[in-house]
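A.B. asks: What shape does this take:
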Amino acid sequence: MDLATAFAQAQRWDQAQAVWDQAQAFIGTIKDSEERAQALVPVATAFAQAQQWDQAQAVIGTIEHSRERALALRDLGTAFAQAQQWKQAQAVIGTIEESLWQALALRDLGIAFAQAQQWGQAQAVIGMIKDSDWRAEALVPLVTAFAQAQRWDQAQAAWKQTQAVIGTIKDSFWRAEALVALATGFAQAQQWDQAQAVIGMIEDSFWRAEALVALATAFAQAQQWDQAQAVIGTIERSGERAEALRVLVREMAGAGEDEVLLHVIHHSWRLADDREYALGLFPMVTGFIPRNPELGFTLSEACTWVDSFFLKG
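C.D. replies: Here you go, the predicted structure:
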């Protein structure tokens, strides 16, 4: 099917059709209806991705099992949305009988509307999602899209709605994941106060660390070095703290902030609370040695000091 799709994308229709016909003929020989349905889904998806709408719908019409038919319809709806054929996407999604797959399709359509700045349609589609988990997952990129478009009133209203929806999610794992996604979206839109407010709502230390890494990364990419350092200092988990520090080091190096960067690394060593974390800081400064050869000996001495310090501890 990949070959047929490649032919179709190259507009080599006769060759694409020949491959599809061969695939469908083979699938027709499969006796087990469930296996046949599973084999037909990628055929329908390939037609949809190649924007061969009639063929995709014809194949979907032959799929007997509801789950596989729902999956194929979701892929067709997504392809229509990607082609910005909004009415067709909504019509197809409306025919999906399985609630889970319909919710996923509505989420994808809502996100596509938001990315296309079709605000009213995005909100209407997202409002059709009954499951709070998936509705929250669709609302997060909508809030981010509003913020990135500097539509602050709508961003604030969508943010409040998202907060309310996330509050209804009973599963703590999904609730925390939704909050991390929201905090990340705010951070990427440089809405620092909102990002920090959302992070304050995250109770689980793992997810809070993930959100803080995203915030520190956004600060570093905006070259707000002090704010990035301050956030990194609040990350309790050493692995995530090192991850955020690596991003800061990379951004500082790219900006030519060598002197400040070495100060940051030195400060981080002094605050290191375990040997693995301390030694993990060394690769971050090895890139400076070709430009500053005298650092090589200093780093070697520092490595020995860290090793002996933690061994004594």
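A.B. asks: where exactly do the helices run in the stretch 201-313 of the chain?
C.D. replies: Counting by DSSP state H, counting those that start in this stretch, the segments of the stretch 201-313 of the chain that form helices are 205-221, 225-233, 238-254, 258-271, 275-280, 295-312.
A.B. asks: what helix or strand does the residue nearest to the spatial centre of the chain sit in?
C.D. replies: Centroid check for the chain by C-alpha atoms, centre = their mean gives residue 181 as the closest residue, at 7.9 Å. Using DSSP states H and E, residue 181 maps to helix 172-188.
A.B. asks: now do residue 141
C.D. replies: Per DSSP H and E, residue 141 falls inside helix 132-148.
A.B. asks: helices or strands next to that helix in the packing?
C.D. replies: Identification of packing neighbours for helix 132-148 by 3 or more C-beta pairs under 8 Å, 6 or more residues apart in numbering; DSSP states H and E yields helix 99-115, helix 119-127, helix 152-167, helix 172-188. C-beta coordinates here come from the backbone N, C-alpha and C atoms, glycine included.
A.B. asks: Quick one, which of these gets closest to residue 222.
C.D. replies: Closest to residue 222 of the helices and strands packed on helix 132-148, according to C-beta to C-beta: helix 172-188, at 9.5 Å.
A.B. asks: which is the next helix or strand following that closest one?
C.D. replies: helix 192-199.
A.B. asks: could I have that next one exported to PDB, CA atoms only?
C.D. replies: C-alpha atoms of helix 192-199 as PDB (Å, rounded to 0.1, in the frame of the first residue of the first chain):
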ATOM      1  CA  TRP A 192       4.700  32.900  31.600                       C
ATOM      2  CA  ASP A 193       2.200  33.700  34.500                       C
ATOM      3  CA  GLN A 194      -0.400  31.400  33.100                       C
ATOM      4  CA  ALA A 195       2.200  28.600  32.600                       C
ATOM      5  CA  GLN A 196       3.300  28.900  36.200                       C
ATOM      6  CA  ALA A 197      -0.200  29.000  37.500                       C
ATOM      7  CA  VAL A 198      -1.000  25.800  35.700                       C
ATOM      8  CA  ILE A 199       2.200  24.100  37.000                       C
END
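A.B. asks: residues near residue 188, how many?
C.D. replies: 17 (other C-beta atoms under 10 Å).
A.B. asks: Make 377 the first number, not 1, from now on.
C.D. replies: Let's use 377 as the start, then, which means that last one is residue 564.
A.B. asks: The closest residue to the residue nearest to the centre of the chain other than its chain neighbours: what's it in contact with?
C.D. replies: Of all residues beyond its chain neighbours, the one nearest residue 557 is residue 516 (4.6 Å), with distances taken as C-beta to C-beta, 6 or more residues apart in numbering. Counting by C-beta atoms under 8 Å, 6 or more residues apart in numbering, residue 516 makes contact with 538, 554, 557-558, 561.
A.B. asks: Check the helices of the stretch 577-689 of the chain for me: which has the lowest mean pLDDT.
C.D. replies: With a mean of 56, helix 671-688 has the lowest mean pLDDT of these.
A.B. asks: do you know how far residue 411 is from residue 436?
C.D. replies: As judged by C-beta to C-beta, to the nearest Å, residue 411 and residue 436 stand 17 Å apart.
A.B. asks: Repeat that for residue 494.
C.D. replies: For residue 494, the distance to residue 436 (C-beta to C-beta) stands at 26 Å.
A.B. asks: These two: who's more crowded?
C.D. replies: The residue with more neighbours, out of residue 494 and residue 436, is residue 436; 25 against 16, by other C-beta under 10 Å.
A.B. asks: Help me confirm that the more buried one comes into contact with residue 447.
C.D. replies: No: with contact defined as C-beta atoms under 8 Å, residue 436 does not reach residue 447; the gap is 9.8 Å.
A.B. asks: what does stretch 534-544 rub up against?
C.D. replies: Residues outside stretch 534-544 that contact it (C-beta under 8 Å, 6+ apart) are 499, 508, 511-512, 515-516, 518-519, 522, 551, 554-555, 558, 570.
A.B. asks: Restricted to buried residues, select those residues in ChimeraX.
C.D. replies: Command for ChimeraX that selects the buried part of the contacts of stretch 534-544, burial taken from 16 or more other C-beta atoms under 10 Å:
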select :499,508,511,512,515,516,518,519,522,551,554,555,558,570
